[in-house]
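A.B. asks: Here is my input; please provide its structure:
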Amino acid sequence: MQLPTHKRLMIFSGSANRELAEEVAGSLGMKLGQVETSRFANSESYVRFAESVRGIDAFVIQSMSDPIDQNVMEHMIMIDALKRASAKRITAVCPFYPYSRQDRKARGREPITAKLIADFYEAAGVDRVVAVDLHTGQIQGFFDVPFDHLAGWVLLADYFADVIDDDFVLVSPDAGGGALADKWAEHLSDFHGLHGQVAFLHKKRHKDKRNVSETLAVVGEVRDKICIVVDDMIDTGGTLTSGAESLVQAGAKEVYAAATHAILSDPAVDRIKNSPIRQVVVTNTLPLTSEKEIDKLVVLSIAPTIAETIKAVFEEESVSDLFHGANQP
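C.D. replies: So this is what the prediction gives:
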């Protein structure tokens, strides 16, 4: 007996950011697959796929927003259910990779949670992982399955190409983020003909406190320049807003900010409102509630980028070619 070779693509969404998943599916001319999600009385997650998934190429999209632990577990359960229902290949799409800031042991007796999450995904039965702008590229090495790293920052850089001129400085919020600022500079030069300088903020982070840092100095020439602070995420906004104040004190003409992941935990919104930052540009890898949608915030959709990646993976095409190699760490 000989069966014709064919593949069938289906896209599913967890409950964290269904709006993004619907936009991704719409970009591909598809509808989301049917999945039932609910909670038991004790808050345990329940998942059931409402249609046959046997032999499919499944992409499961879940944004790891608050409550992160609950959304992570829901993602794992969806993957497990697909595996047990005989899906042929399962790809976990994590626009924002959870627990990524704990990617090494900075102090004794600390966990490496980025690796732990990788172990969770592989134990659940995932065959491939897709994520946007990892906190550090080394996280890809925690996986034994293929990992596609999407360069969401390119979307942000292209936006600023229409806003700025050559008289600008790309500012990293710390010395370790200088590589990202360099990528921005190279991209703006190669694809838009804009030539800017790179600077960084020298800061001190308090090891005994989470989300607490202090900007000590601006390293680089920023006087009378338009400054764009570039980072992968904005959480409480403390580093960003204190850095913006330091840039203004150093003579910066205007300060903008860009980050792929808008976590915006309290009191980030108030800090940004009261800061000298003119505009903060982010993507919708994480859902934004109405109280976070302030005038200074510009939200760009990452959905077309994810959709193009899903199409490339399904058709066995190169993902790196979509970003001209800019997705490499």
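
A.B. asks: Which residue ranges of this structure form helices?
C.D. replies: For the chain, the helices defined by DSSP state H cover 18-27, 68-84, 113-124, 153-160, 178-192, 238-249, 268-273, 303-314.

A.B. asks: I'd like these laid out as CSV, including distance to Val218.
C.D. replies: Every residue, glycine included, has its C-beta placed from N, CA and C. Below are the helices of the chain laid out as CSV (distance: least, C-beta to C-beta, whole Å):
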stretch, distance to Val218
helix 18-27, 35
helix 68-84, 33
helix 113-124, 30
helix 153-160, 20
helix 178-192, 13
helix 238-249, 5
helix 268-273, 19
helix 303-314, 32
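
A.B. asks: Turn these into a markdown table, including mean pLDDT and mean neighbour count.
C.D. replies: Below are those laid out as a markdown table (pLDDT from 0 to 100; neighbours: other C-beta atoms under 10 Å):
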| stretch | mean pLDDT | mean neighbour count |
| --- | --- | --- |
| helix 18-27 | 98 | 19 |
| helix 68-84 | 97 | 20 |
| helix 113-124 | 98 | 18 |
| helix 153-160 | 97 | 21 |
| helix 178-192 | 94 | 17 |
| helix 238-249 | 93 | 21 |
| helix 268-273 | 96 | 18 |
| helix 303-314 | 98 | 20 |
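
A.B. asks: Figure out which of the ones you listed is closest to Val60.
C.D. replies: helix 68-84 (5.2 Å; C-beta to C-beta).

A.B. asks: Dump that closest one to CSV, keeping only the CA atoms.
C.D. replies: The C-alpha coordinates for helix 68-84 follow below in CSV (Å, rounded to 0.1, in the frame of the first residue of the first chain):
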residue,chain,number,x,y,z
ILE,A,68,3.6,33.5,33.8
ASP,A,69,3.7,30.3,35.8
GLN,A,70,0.1,29.5,34.8
ASN,A,71,0.7,30.3,31.1
VAL,A,72,3.9,28.3,31.0
MET,A,73,2.0,25.3,32.4
GLU,A,74,-0.8,25.7,30.0
HIS,A,75,1.7,25.7,27.1
MET,A,76,3.2,22.4,28.4
ILE,A,77,-0.1,20.8,28.7
MET,A,78,-1.1,21.7,25.2
ILE,A,79,2.1,20.2,23.9
ASP,A,80,1.5,17.1,25.9
ALA,A,81,-2.0,16.7,24.6
LEU,A,82,-0.8,17.1,21.0
LYS,A,83,1.9,14.5,21.5
ARG,A,84,-0.6,12.0,22.9
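
A.B. asks: quick one: it to chain centroid distance?
C.D. replies: Its chain's C-alpha centre and that of helix 68-84 lie 19 Å apart, by C-alpha atoms, centre = their mean, to the nearest Å.

A.B. asks: Just want the angle from it to helix 113-124.
C.D. replies: 30 degrees (axes from the mean of the first three to the mean of the last three C-alpha atoms, to 10 degrees).

A.B. asks: Tell me which residues touch Tyr256, please.
C.D. replies: Phe160, Val163, Ile164, Ile226, Cys227, Ile228, Val229, Ile277, Arg278, Gln279, Val280, Val281 (C-beta atoms under 8 Å, 6 or more residues apart in numbering).

A.B. asks: Can you tell me which of the residues you listed are buried?
C.D. replies: Buried members of the contacts of Tyr256, counted by 16 or more other C-beta atoms under 10 Å: Phe160, Ile164, Ile226, Cys227, Ile228, Val229, Ile277, Gln279, Val280, Val281.

A.B. asks: Export the contacts of Tyr256 as JSON lines, with columns for distance to Asp321.
C.D. replies: Formatted as JSON lines, these follow (distance: C-beta to C-beta, whole Å):
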{"residue": "Phe160", "distance to Asp321": "24"}
{"residue": "Val163", "distance to Asp321": "27"}
{"residue": "Ile164", "distance to Asp321": "27"}
{"residue": "Ile226", "distance to Asp321": "32"}
{"residue": "Cys227", "distance to Asp321": "32"}
{"residue": "Ile228", "distance to Asp321": "27"}
{"residue": "Val229", "distance to Asp321": "30"}
{"residue": "Ile277", "distance to Asp321": "35"}
{"residue": "Arg278", "distance to Asp321": "35"}
{"residue": "Gln279", "distance to Asp321": "31"}
{"residue": "Val280", "distance to Asp321": "31"}
{"residue": "Val281", "distance to Asp321": "25"}
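
A.B. asks: That's all I had, so thanks and see you.
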